[in-house]
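# show me the folded form of this:
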Amino acid sequence: MDFSVSEEQEVLRRTVREFLVEKLEPISRSIDEEGRIPRQFAREAGEFGLWVPTVPEEFGGKGMKFLDASLIAEEFGRTDISMATPVLFLLGAAWGYILSKYGNREVASEVLPKVAAGEWFLGIASTEPTGGSDVASVRTSARRVGDQWEIEGEKTYISGALEAKEWGGGHLVLAKTDPKAGNKGISMFYVPASQDGVEVSKLNNMGRTGISTCIVRYNRVRVPSNYLVGEENRGFHQAMDGFNHARALVAAACLGMAGKVLEVGLEYIGNREAFGRKLRDHQAIAFEAADLSTELEMSRLITYEAAWALDMNHPKAPVFAAMAKLKGPETAVRIVKAVMMWLGGYSYTKDAGVERAMRGILSYVVGAEGAANIMRLIISRQLLY
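Below is the predicted model:
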């Protein structure tokens with residue numbers, strides 16, 4: 001059993017870090033303050049090959065394994081601790097992979113090269129006002145109208161809907177095509193945000209403000225028949241495949257952010273003095289630092305195992321992905337909270353920067369890509385049934 005990162009992976013990590021430190025780090029604060037990711041950065045990152053590396057080269061990607069993509073997600077988390085650009089990365093990497101895997105080749109060839117170039121956005125639209133994490137309960141409907149599909153319904157907490165409207169691109173949308181069949185009657189469609197009838201309303205999030213979160217209404221939106229992704233009534237299966245892959249990337253991004261914040265905290269307690277001693281010499285803080293570093297490493301290992309299992313099509317990949325998604329964000333929250341306590345009142349100012357991390361990370365505990373208790377449900381069912 002080899003726990004080392006390969007030489008090629010180390011080169012990948014170093015190269016991506018150098019690019020992000022140069023191009024993203026100087027604008028990371030303004031992304032949070034201004035509430036947008038600059039198009040120029042998106043295009044530069046596209047030219048560098050960052051946005052959909054998990055899709056085949058014929059569609060503009062690199063055919064990259066998800067373990068390698070997890071290393072990239074970590075670097076995004078380290079560099080933009082608000083978690084905005086990590087979201088842009090992981091959505092394209094996970095759902096671009098799903099479109100390339102199940103979608104019509106013509107549609108994949110139309111959409112994915114533009115996403116890869118940083119020109120278009122691609123995401124997932126599954127959550128509904130009445131369903132939350134219960135993906136099987138979607139009420140959005142799709143019916144055949146000649147050689148088209150007509151989609152009607154409402155989605156909420158959808159990332160990137162304004163970007164899709166302004167930049168181009170769209171979302172993979174889950175809709176009922178056989179209302180009586182439960183989760184076996186759900187299909188997935190690629191729906192461009194530019195289609196007539198797509199209406200977007202922005203929600204004002206407490207964090208992760210650099211990428212929009214929206215309500216999206218589909219008012220009898222028509223798309224060509226080949227925009228059906230995969231087989232009719234197999235959308236739930238495809239969505240679960242996508243969420244498994246997205247969860248590994250989410251966990252990696254959260255741990256990248258947590259690692260960066262912990263570094264800030266360790267440097268601070270090594271320099272700051274209180275009661276005649278450096279903070280690191282107070283056992284309460286030193287032991288907490290030891291515990292947090294251990295938790296971070298444990299969470300990183302299960303995240304890498306999840307990504308490896310997904311690459312290997314291992315039967316336990318879904319439960320490993322759920323474990324990674326459970327522990328990654330929760331570990332990150334604990335680290336950020338502890339570091340804020342170490343920094344004291346300074347941490348509550350925007351000058352410290354750490355508050356960006358706290359506001360951003362909470363989205364991955366309460367809901368995005370599945371709330372913490374949904375992950376516990378997935379894991380417990382694997383254990384008990």
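
# mind checking what helix or strand follows the worst-scoring helix or strand of the chain on mean pLDDT in sequence?
Counting by mean pLDDT, DSSP states H and E, the weakest-scoring helix or strand in the chain turns out to be strand 273-274, with a mean of 78. Using DSSP states H and E, the helix or strand that follows strand 273-274 in sequence is strand 277-278.

# tell me which residues in the top helix by length along the chain are buried?
Ranked by residue count and defined by DSSP state H, the top helix of the chain is helix 235-271. Going by neighbour count (16 or more other CB atoms under 10 Å), the buried part of helix 235-271 is 235-239, 241-262, 264-266, 268-269. The way it works is simple: take the backbone N, C-alpha and C, and place the C-beta from them, glycine included.

# then stretch 348-365?
Quick answer for stretch 348-365 (16+ other CB under 10 Å): 352-365.

# re earlier: for the least confident helix or strand of the chain, what is the distance to the chain centroid?
Here the centre of strand 273-274 is set off from its chain's centre by 39 Å, with CA atoms, centre = their mean, to the nearest Å.

# pull up the pairing partners for that strand, direction included.
Its sheet considered, strand 273-274 pairs with strand 277-278 (antiparallel) by DSSP bridges.

# helices of this structure, start to end?
Using DSSP H, helices in the chain cover 7-23, 28-34, 39-48, 66-79, 84-102, 105-116, 161-167, 235-271, 283-311, 317-343, 354-361, 363-366, 372-384.

# so for the second one, mean pLDDT?
pLDDT averaged over helix 28-34 equals 94, rounded to a whole number.

# and it, what does it pack onto?
helix 84-102 (3 or more CB pairs under 8 Å, 6 or more residues apart in numbering; DSSP states H and E).

# domain map for the protein?
Here the domain assignment for the chain is 7-121, 122-233, 236-384, based on automatic domain parsing.

# Met1 is nearest to which of those?
The minimum distance between Met1 and the domains of the chain falls on domain 236-384, with 11.0 Å, by CB to CB.

# gap between the two ends of the closest one?
End-to-end distance for domain 236-384: 23 Å, by CA to CA, to the nearest Å.

# same thing with stretch 17-34?
Terminal residues of stretch 17-34 are spaced 24 Å apart (CA to CA).

# list of residues touching that stretch?
37-38, 41, 44-45, 48, 50, 75-76, 78-82, 84-85, 207, 209-210, 353, 356 (CB atoms under 8 Å, 6 or more residues apart in numbering).

# before we move on, back to that, and Asn183, which of the helices of the chain is closest to it?
Going by CB to CB, the one of the helices of the chain nearest Asn183 is helix 235-271, 4.2 Å.
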